[in-house]
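Novice: Give me coordinates for this.
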Amino acid sequence: MLLSQSARSVSALLTRWRFFASLSSLPLPLSNSLSAAASALAETVWIVPLQDHPWYDHVRLKRVFVTDGTRHQVVLVDVRKLLACADRDNTDYVLKPVAEWHSGKVRGIREFLDPDNPRIPQMPYVTISTRRAPGLLGWFGLEREGVVAFRNGQHRARYLADAGARWFPVEVHEREAAVLRECCGAADDARTAVRVVAPSGNSDI
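Specialist: Alright, predicted model coming up:
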């Protein structure tokens, strides 16, 4: 009698285990999928004003890396300093001024950045390193200069500069964030010009 009860207990446990194991292979409920879609839409947006652009007076930018643990940071940069560092890049991927682009490229970037578009463009993604600066102080190791390379977004960065943006956000790996702020960081008053709209809809500078 005891053996029979033990056998039934083991059988019941195996049945429960098979039931719960089968649940792990089922697709996620629709409510979870909708929650994921909603969270993707509810992203922080940076509103960057343009001072010299007849088509629209601002652009919206969002982060490249939005999941937790990406180890990337957003840094508000001075456009002139950033592009000066980018012009020091000794690779072949340094773009000409916007005035030298063909009209189709200019129109395409302008339409891509248009704030009326439902899709929000990503901010530029950069890396930065330092090297010995030219001149006597550089030779003695007393002065270094930043060198920026674009991983993504060089066209939009140079277009924004041409359109009169003074500052905008870029994303960089956390280990390079301090160097980027030192070499290209925006002035304090940039935070009153570039608005940061949190998912709640509130301004979050």
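Novice: which residues touch F112?
Specialist: P121, R156 (CB atoms under 8 Å, 6 or more residues apart in numbering). Backbone N, C-alpha and C define where each C-beta goes, glycine included.
Novice: At which residues are the helices of the protein located?
Specialist: 2-24, 30-41, 79-86, 103-113, 136-139, 154-162, 177-184, 190-193 (DSSP state H).
Novice: Mind telling me which of those helices the model trusts least?
Specialist: Among the helices of the chain, helix 30-41 carries the lowest mean pLDDT, a mean of 40.
Novice: Could you chop the chain up by domain?
Specialist: 1-38, 42-197 (automatic domain parsing).
Novice: Give me whichever of those domains is most buried.
Specialist: Compared across these, domain 42-197 shows the largest average neighbour count, a mean of 16 (mean count of other CB atoms under 10 Å).
Novice: can you pull the contacts of the residue nearest to D116 when sequence neighbours are not counted?
Specialist: Leaving out its chain neighbours, the residue that sits closest to D116 by CB to CB, 6 or more residues apart in numbering is Y56, at 7.5 Å. By CB under 8 Å, 6+ apart, the contact set of Y56 is L50, D114, P115, D116.
Novice: what's the distance between the residue lying closest to the second one once chain neighbours are set aside and I47?
Specialist: Just to be clear, that refers to D114. Spatially, and ignoring its direct neighbours in sequence, D114 is nearest to Y56 (6.2 Å; CB to CB, 6+ apart). With distances taken as CB to CB, to the nearest Å, Y56 is found 12 Å from I47.
Novice: D162 versus V74, what's the distance?
Specialist: 22 Å.
Novice: OK, contacts around the closest residue to L61 other than its chain neighbours?
Specialist: Among residues not flanking L61 along the chain, M123 sits closest, at 4.2 Å (CB to CB, 6+ apart). Applying CB under 8 Å, 6+ apart, we find M123 in contact with W46, L61, K62, R63, V64, V74, G153, F168, P169, V170, E171.
Novice: ok, residues contacting stretch 171-178?
Specialist: 63-65, 71-75, 123-129, 180.
Novice: Only the C-alpha atoms, please, for that stretch, written as CSV.
Specialist: C-alpha atoms of stretch 171-178 as CSV (Å, rounded to 0.1, in the frame of the first residue of the first chain):
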residue,chain,number,x,y,z
GLU,A,171,26.7,58.6,-27.2
VAL,A,172,30.1,57.1,-26.1
HIS,A,173,31.4,54.2,-24.2
GLU,A,174,31.6,54.9,-20.5
ARG,A,175,35.3,54.5,-20.3
GLU,A,176,35.7,57.4,-22.8
ALA,A,177,33.0,59.7,-21.5
ALA,A,178,35.3,61.7,-19.2
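Novice: I am finished for the moment; much appreciated.
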